[in-house]
Each structure stands twice: as structure tokens, then as C-alpha cells.
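> Need a 3D model of the sequence below.
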Amino acid sequence: MNPDLQSEDVRGELERLHPESFAWALWCCRRRRDEAEDVLQTVYVKVLEGKARFDGRSSFRTWLFGVVRHTAAEQRHRHWLRDALLLKWFAAAPAPVVTGDPEGTLGEAHRNRQLRAAVDRLPERQREVLHLVFYQEMTVEEAAQTLQISVGTARTHFDRGKSRLRQLLSSEEAG
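Residues are numbered from 1 along each chain as shown. Down below sits the predicted model:
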């Protein structure tokens, strides 16, 4: 394949190779479907926005699989770093002080645990976008800029994250 691919050609190749690319992403993400979907979406964005460029030193497929592998490794590293920092933070966090109505405090603590558990079940990118928007009070556009993704991608992750969170929390309440 020619290294001077036109964007239509790149899109066509990505579509043609999607089933194989997804299978490879699943493998690179240790069979975690949500992570593989995020990795592949990130790869497609990198390729389509020109952040990853095919130079013609291999086949397009080989090059694309290399980008998938590299992106999956980056994501694993981010997960590891986030988990290590959270563990350090939780170890250093002071014990909460209980004041006011004990039953109300217990109910609130239970709801907070449910919310945290539901958020933890979201794909990483959805968690990142929701965190930036809700806890860091950023706009979706600012979150996209922070995460170095397109605004459309950030909106997609924001909407999917909110929907999935609603599903998880309502199934928790029903169960």
C-alpha cells in the first residue's frame, strides 16, 4: 500500500481491517472488550487526525497493528499509574469524621459507594470525560482538549458514560 494514502483510502482500509483490528485489540487488552473498544477508537482517531502516519515501511495492516499494540500499552500504563496514585492517595487520606444524623450519613455513604462502583465499571475514557466534566467542572470541549481527543469523541464518551451510569445505578436500585 502506498504511503501517500488519501484520507478516503485510509478510511477504506480501516473499515476493511476493522474485524481483524478489533480481534487484535482484544488480544492486546487481555480480552477486556471495553478497553479494546477504547483502544481501537483511539487508534482510529490517531490515524484519521494524522497523529499516527503510515510511512510505507511495512504493509498498512502491520503498521496499523503496531499502532494498536502501542496504544494498548499506553492505556495499560495509564491504568497502572492511576491505580498506583489512587492507592497512595487512599492510604494517605484521613478517616472521615461522622457528624449529624448517623442513618442519613450511612445512607449517603452507601449511595456514594454505589456511584463509585458504577463509575469504576465504565470504560476509562468515559470515566475520564465524566470526571473532568462533573468533578473538575470543565466543559466537554475543555475535557476534549485536556484528553487530546476531538470534541465529537468527547461528546460520544460523555453521552455513553452518562447512559451507562444511569443503567448501572438503576439496576443497582432494582436489585
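> ok, and the closest non-adjacent residue to His79?
Glu124 (6.6 Å; CB to CB, 6 or more residues apart in numbering). In short, each C-beta sits where N, CA and C put it, glycine included.
> OK, contacts around that neighbour?
Neighbouring residues of Glu124 by CB atoms under 8 Å, 6 or more residues apart in numbering: Glu35, Asp38, Gln75, Arg78, His79.
> What of Gln41?
Arg125, Thr153.
> which residues touch Arg125?
Arg125 neighbours (CB under 8 Å, 6+ apart): Asp38, Gln41, Thr42, Leu147, Ile149, His157.
> Leu48 too?
Per CB under 8 Å, 6+ apart, neighbours of Leu48: Ser7, Val10, Arg11, Leu14.
> Distance check, Phe134 against Glu141.
15 Å (CB to CB, to the nearest Å).
> I meant Thr62, not that one.
As judged by CB to CB, Thr62 and Glu141 stand 36 Å apart.
> Likewise for Glu13?
Relative to Glu141, and taking CB to CB, Glu13 is found at 30 Å.
> The two: which has the busier surroundings?
The neighbour comparison of Glu13 against Glu141 (other CB atoms under 10 Å) goes to Glu13, with 18 against 11.
> which secondary structure element contains that one?
helix 7-28 (DSSP states H and E).
> burial count for Ala25?
If we define neighbours as other CB under 10 Å, then Ala25 has 25 of them.
> Tell me which residues touch the residue nearest to it when sequence neighbours are not counted, please.
For Ala25, ignoring the flanking residues on the chain, the nearest one in space by CB to CB, 6+ apart is Ala36 at 4.0 Å. Residues near Ala36 by CB under 8 Å, 6+ apart: Phe22, Ala25, Leu26, Cys28, Cys29, Ala72.
> and Arg53, how many neighbours?
Neighbourhood size, Arg53 [other CB under 10 Å]: 13.
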